[in-house]
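>>> I'd like to go over a predicted model; first the sequence, then the structure.
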Amino acid sequence: MDRRLRNRIVIFLVLAAVVAIVLVRLSGRQPIAKISAVTPVRENLVSSISSNGKVEPIAPFVVRAQLNTFVEKISVVEGQAVKKGQLLLELNVKDAAAQLAEARSKLLRAVDDLRAAKAGGRSDEAAKTEGQLAAAVALRDRLQRNHDSLERLIAQQAATKDELAANDLDLAKAIAQVKQLTAAKREFEHDVNLNANRATLQVEQLRSEVAALEEKVRDGRIVAPDAGTLYSLPVKGGDYVKVGDLLAEMADLHKIRVRAFIDEPELGGLEPGEPVRITWDALPNRSWMGKTQVIPKQVVARNARSVGELLCEVNNDKLELLPNINVSVRINSRERINVLTVPRGAVEAQGGQRFVFVVLRNALGVGKATLEKREIHVGIADATNYEVLGGLQEGEMVALPGDVDLKDGMPVKIVNTDARYIRGRSESD
């Protein structure tokens, strides 16, 4: 083999080795990920919160039974507009009325007894006691005068000692009778005082009993406490009701509010006076406008949710919204005009910060680029976009999530930059 041929063979082997090395390296490289990307755009952004809620009257009147009895008569129907003082229903209060008549009769007798006791007792008894004591005192005084006169006559020998002894015997009896009648009078006066106290207590008790029975009788006649709509009437004639049972609910339904149940993460964006739009599935072509009124001060558990209860004032001039119905609530809290926005799907949250993957193009070839994980600052958001406050410039391209996990420094190939096209294609697939 000549030298020229040998050199050619060596050159060929070297080239073959180089090709083999290149092929091995190429075979070990990872494939470039294919992604979709979007360029942030400027647009008007309205931050809104959507949730569910329940309609309730602002100042409802709730009527409950005040005694155990039967419903005697119902004079209205549910849903009726009623005037203040209008009769709604009547309860059976015949037993209470009979007890009231008896209590009133007892009260009259007790008042008469009290009047007599305060006047010193019954007039006939008082007069009899006074008369007996006065007669006994007069007899005692007369016998005492006779005693003095007889002693003088005996000294003049004009009377005998036997006459004096007989008089003194009668005098002793009279003195004893005066003492007895004086004690009886004191006992009578003591009894009069006791009877007066007893009569006073009895009158007070009977007056309380009469007042309670009068209230029961009044409670049997249920009237509208104010003008409004009777939106709940759960009883019918003949029903037996117990104390505390619900008889009727009514309110002025021109004045209603919606209690909206707002999820905890969205509570921070609420403020009083924000516009509210209410819809109801029963009237799908209607909507009602209102505004936020009372912002939640606490979070409560509602089924599997943690919510704050937002109170919204709503216009219900046509009385179409009914108490206790379930409605949909949309709150337009804030609005931004011509701001830079980025799709929500392109933003990742981590440790209270938000990031996007910015596409950095290079000069290696068309469609080839790398990703840069970058923190951004966002403002308000709607259902699809975030407002960009910082960290991203107009014209920069942001990667959209897809089949591969995005990482900082990852080489990628952009296959589509129209987010609407990507969503449409994924839905059709």
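Received it, and whenever you're ready, just let me know what you need. Residues are numbered from 1 along each chain as shown.

>>> every contact and neighbour count from this point should use C-alpha atoms.
Noted.

>>> wait, Q202 sits on A110?
Yes. With contact defined as C-alpha atoms under 8 Å, Q202 reaches A110; the gap is 6.7 Å.

>>> looking at these two, which one has more neighbours?
Neighbour count, other C-alpha atoms under 10 Å: between Q202 and A110, A110 has more, with 21 against 18.

>>> which non-adjacent residue is nearest the more buried one?
Computed as C-alpha to C-alpha, 6 or more residues apart in numbering, the closest residue to A110 that is not its neighbour in sequence is V203, at 5.7 Å.

>>> ok, the one you found - contacts?
Going by C-alpha atoms under 8 Å, 6 or more residues apart in numbering, V203 touches 107, 110-111, 114.

>>> P234 contacts L247, doesn't it?
Yes. In terms of C-alpha under 8 Å, P234 counts as a neighbour of L247; the distance is 6.3 Å.

>>> give me the more crowded residue out of those two.
When neighbours are counted by other C-alpha under 10 Å, P234 and L247 differ, and L247 comes out ahead with 19 against 11.

>>> can you pull the contacts of the more buried one?
62-65, 233-235.

>>> what strands flank the helix or strand harbouring it, and is each parallel or antiparallel?
Taking DSSP states H and E as the definition, L247 sits inside strand 246-251. If you go by DSSP bridges, strand 246-251 pairs up with strand 61-64 (antiparallel), strand 228-232 (antiparallel).

>>> let me see the mean pLDDT of the next helix or strand after it.
Toward the C-terminus, strand 246-251 is succeeded by strand 255-263 as the next helix or strand (DSSP H and E). Averaged across strand 255-263, the pLDDT comes to 92.

>>> use 52 as the first number from now on
From this message on, residue numbering opens at 52, which makes the last subject strand 306-314.

>>> number of residues surrounding A400?
Neighbour count of A400, defined by other C-alpha under 10 Å: 10.

>>> surely it meets K424?
No. With contacts counted by C-alpha under 8 Å, A400 stays clear of K424, the gap being 11.9 Å.

>>> now do the shared contacts for the two.
F406.

>>> show me where pLDDT drops low in the stretch 352-480 of the chain?
384, 413-418, 469-480 (pLDDT under 70).

>>> helices of that one, residue ranges please.
All helices of the stretch 352-480 of the chain, identified by DSSP state H, counting those that start in this stretch, fall at 470-479.

>>> how about the strands in it?
Taking DSSP state E, counting those that start in this stretch as the test, the strands found in the stretch 352-480 of the chain are 356-366, 377-394, 399-401, 404-412, 419-432, 436-441, 448-451, 462-467.

>>> which of those sits most buried?
Among those, ranked by average contacts under mean count of other C-alpha atoms under 10 Å, first place goes to strand 448-451 (a mean of 23).

>>> need the contact partners of that strand.
Under the contact criterion C-alpha under 8 Å, 6+ apart, strand 448-451 has outside partners 86-91, 396-397, 407-411, 422.

>>> again, only this time at 10 Å
Identification of contacts with strand 448-451 by C-alpha atoms under 10 Å, 6 or more residues apart in numbering yields 86-91, 393-398, 407-412, 422-424, 443, 457, 463, 465, 467-468, 470, 473.

>>> swap in stretch 219-226?
Applying C-alpha under 10 Å, 6+ apart, the external contacts of stretch 219-226 come out as 186-198, 213, 215-216, 218, 227-232.

>>> appreciated, that's everything.
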